[in-house]
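Asker: sequence and predicted structure are below.
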Amino acid sequence: MFTIGANPWIWTSPVDDAALASLVPKIAGWGFDAIEIPVENLGDWSPEKTRDLLAEHGLTAAAVLSVTPPGRDLVNTDPGTVRATQDYLRSLVDAAVVLGAPSVCGPAYAAVGRVWRMTPAERSDCYESLRDALAPVADHASARGVRIGLEALNRYETSVLNTVAQTLAALEGLPPSVGIMLDSYHMNIEEADPYAAIRAAGPRLVHVQVSGSDRGAPGDDHIDWPRWLRTLALTGYRGPLCIESFTGENESIAVAASIWRPFAPTQDDLAINGLRYLREVCADL
């Protein structure tokens, strides 16, 4: 029913040509179907080399992920920063075209960790600014057959989009080429009823990440995955499920993602156990 993918951040950061050359054969060998690839900085990996590497090992590109460090913002910032972020996102769309990836996804609206208080009127203005800034990127993506998926993050990482309901409000008026990326980890923190949120997101679902409630492997946590995935299936979504986690062995990514302890005996175990569990659950859907 679903293809299952892995994110190289499980093992390393930055994700570059050397990292992919090492990880792609392993990911394929363990039985994954796909890989989602973040672009921390343009030029870290070659779309052409990566396309050929994935084809060699029988993997598909599930999605290209936007990464928003300080200075990548579409809202509550200066026009120059908006233009630079739009250019970055358009470059990700172009990379997705080369890879054959169906979408560019992530918290493309503001730098991760950037938070500020907003009144209802200020939030409405923020979402209007987001729509205005995303519109030319959406046009660029739509013309190339690529969709944009906005990811709501938890309250400690952003104050712009935390829930599916907020994301739907922000998307209002944007074309179908812009939709929602779900991340079970953030949903576990922010959604009072994650199943209702999945159903609400259904018509605009673009991509789905499946992380345990603690950022570990699905199945080694408290989420009711059979119900979660059954609800997702009932929306009609048939895209990939990608395991996203992070390694505490890499200082930059550990600090950025607040990874202070291991979630499995090894990062390989995290990926393999998560894949096995997801296969078991999906077989019964």
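Answerer: That came through, no problem. All of these numbers come straight from a predicted model, not from anything done at the bench.

Asker: in the sheet, who's paired with R114?
Answerer: T158 (DSSP bridges).

Asker: over to D183?
Answerer: Going by DSSP bridges, D183 forms beta bridges with Q209.

Asker: what's near enough to touch it?
Answerer: Counting by C-beta atoms under 8 Å, 6 or more residues apart in numbering, D183 touches E151, A152, L153, V208, Q209, S211, E244. In this view, the C-beta of every residue, glycine as well, is placed from N, C-alpha and C.

Asker: before we move on, what about Q166?
Answerer: So Q166 contacts A152, V160 (C-beta under 8 Å, 6+ apart).

Asker: going forward, the N-terminal residue is numbered 50.
Answerer: Done: numbering now begins at 50, and the last item shifts to Q215.

Asker: tell me if it really is in a helix.
Answerer: Yes: assessed with DSSP: H, G, I helix; E, B strand; the rest coil, Q215 lies in a helix.

Asker: and it, how far from A192?
Answerer: From Q215 across to A192, the span is 28 Å (C-beta to C-beta, to the nearest Å).

Asker: quick one on the thing from earlier: same list (the contacts of D232) but as CSV, adding distance to S208.
Answerer: Compiled in CSV, those are given as follows (distance: C-beta to C-beta, whole Å):
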residue, distance to S208
E200, 14
A201, 11
L202, 9
V257, 23
Q258, 21
S260, 21
E293, 22
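
Asker: state which helix of the chain is the longest.
Answerer: When the chain is parsed with DSSP state H, its longest helix is helix 169-192.

Asker: and the next helix or strand past it?
Answerer: Downstream of helix 169-192, the first helix or strand assigned by DSSP states H and E is strand 196-200.

Asker: identify the farthest-apart pair in the contacts of D232.
Answerer: Pairwise distances across these peak at 15.0 Å for L202 and V257 (criterion: C-beta to C-beta).
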